[in-house]
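Engineer: My questions are about this predicted structure, shown below with the sequence.
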Amino acid sequence: MKEKGLTIIRLFAGFFLYSAGIVMTINANIGLAPWDVFHQGLSKTIGITIGQASIGIGIIIVIINGLFREKVGWGSLGNMLFIGVFVDLLMLNHIIPEFENLVLRVLMMFSGMFVIGVATYLYIGVGLGAGPRDGLMVALTKRTGKSVRLVRNTIETAVVIVGYLLGGSVGAGTLVMALTIGVFVQLAFQLFKFDVKKVEHRFIDEDIKLFKKMLAQPKRDVGVGGK
């Protein structure tokens with residue numbers, strides 16, 4: 001139980017830090033990361049928060065991943081829900097500051113990407129599944145037979161275009177984050193000596209099978225006198 005408790009704490013610490021990193025890049029106001037351009041544009045168009053937009057898109061992507069027979073973990077569902085919740089918590093309460101000075105804004109953007117890298121290490125390291133958007137990238141890579149780089153670039157280009165048309169903020173930071181976020185994630189992995197290839201994920205379908213197996217086990221016969 002202690003180990004499971006620590007796993008849950010680490011998972012939610014990862015979600016919270018990921019959300020903090022997102023808000024830092026948003027408050028830097030140099031241009032949003034590709035998916036956040038889409039979330040912001042959607043939030044402006046239909047009158048919801050950025051966090052709610054993130055959750056709604058996450059639900060749709062999880063459904064698509066399921067249709068593509070891509071396995072989903074409990075961590076994937078947590079990513080879908082709680083990152084959006086934490087983003088709204090941080091933004092609506094103005095917990096992370098905004099700066100007028102360009103140098104401070106640039107530093108905040110890069111710091112936000114590093115925080116996202118650390119957060120990625122924390123939540124992926126528990127082995128409960130990657131985020132829905134990463135799952136979509138993997139699913140499309142398998143389906144199309146194209147490279148991960150091409151698929152990811154295509155997805156992110158598409159969401160930037162749609163997000164921009166919906167009113168999302170695109171700037172120099174958008175290009176910088178699209179090109180360098182992977183560098184910061186890799187940097188965090190190296191700092192913590194984390195090899196993502198060694199992580200064995202546990203997926204929801206495995207737990208469902210285990211639960212069904214437990215239910216199917218015949219009850220022990222009770223003898224006379226309850227012995």
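Structural biologist: Ah, there it is.
Engineer: and the gap between the residue nearest the centre of the chain and Leu107?
Structural biologist: Centroid-nearest residue in the chain, with CA atoms, centre = their mean: Gly131, separated by 4.0 Å. Taking CB to CB, to the nearest Å as the measure, Gly131 falls 26 Å from Leu107. C-beta coordinates here come from the backbone N, C-alpha and C atoms, glycine included.
Engineer: As a check, name the ranges of all helices in the protein.
Structural biologist: Here the chain has its helices, by DSSP state H, at 2-27, 34-46, 50-67, 74-92, 102-124, 132-144, 148-165, 172-191, 204-216.
Engineer: Tell me which of those helices sits most buried.
Structural biologist: helix 34-46 (a mean of 22; mean count of other CB atoms under 10 Å).
Engineer: Residues touching that one, excluding its own?
Structural biologist: Around helix 34-46, the neighbours that count as contacts under CB atoms under 8 Å, 6 or more residues apart in numbering are 22, 25-26, 31-32, 48-50, 52-54, 56-57, 133, 156-157, 159-160, 162-170, 174, 177-178.
Engineer: Report the contact partners of the closest residue to Phe38 other than its chain neighbours.
Structural biologist: What sits nearest to Phe38 in space, not counting adjacent residues and going by CB to CB, 6 or more residues apart in numbering, is Gly163, at 3.6 Å. If you count contacts by CB under 8 Å, 6+ apart, Gly163 has them with Leu32, Pro34, Asp36, Val37, Phe38, His39, Gln40, Gly41, Leu42, Val170.
Engineer: if we can go back for a sec, now the residue nearest to the residue nearest to the centre of the chain when sequence neighbours are not counted: how far from Leu166?
Structural biologist: Among residues not flanking Gly131 along the chain, Asn79 sits closest, at 4.2 Å (CB to CB, 6+ apart). According to CB to CB, Asn79 stands 23 Å off from Leu166.
Engineer: and what of Leu81?
Structural biologist: Remark: distance between Leu81 and Leu166 (CB to CB) = 23 Å.
Engineer: Please apply the same query to Val85.
Structural biologist: When distance is defined by CB to CB, Val85 is 22 Å away from Leu166.
Engineer: Quick one: low-confidence residue ranges for the chain.
Structural biologist: Counting by pLDDT under 70, the chain shows low-confidence ranges at 218-227.
Engineer: Swap in 80 and give it another go.
Structural biologist: 1-2, 148-149, 196-197, 199, 207, 211, 217-227 (pLDDT under 80).
Engineer: ok, the residue nearest to Gly131 to Lys197 distance?
Structural biologist: For Asn79, the distance to Lys197 - CB to CB - is 20 Å.
Engineer: Check Ile57 too.
Structural biologist: Using CB to CB, Ile57 is found at 28 Å from Lys197.
Engineer: just Ile204 next, same as before
Structural biologist: Counting by CB to CB - Ile204 and Lys197 are separated by 22 Å.
Engineer: Could you do Ile116 as well?
Structural biologist: From Ile116 to Lys197 the distance is 20 Å (CB to CB).
Engineer: now do Gly129
Structural biologist: In terms of CB to CB, Gly129 sits 16 Å off from Lys197.
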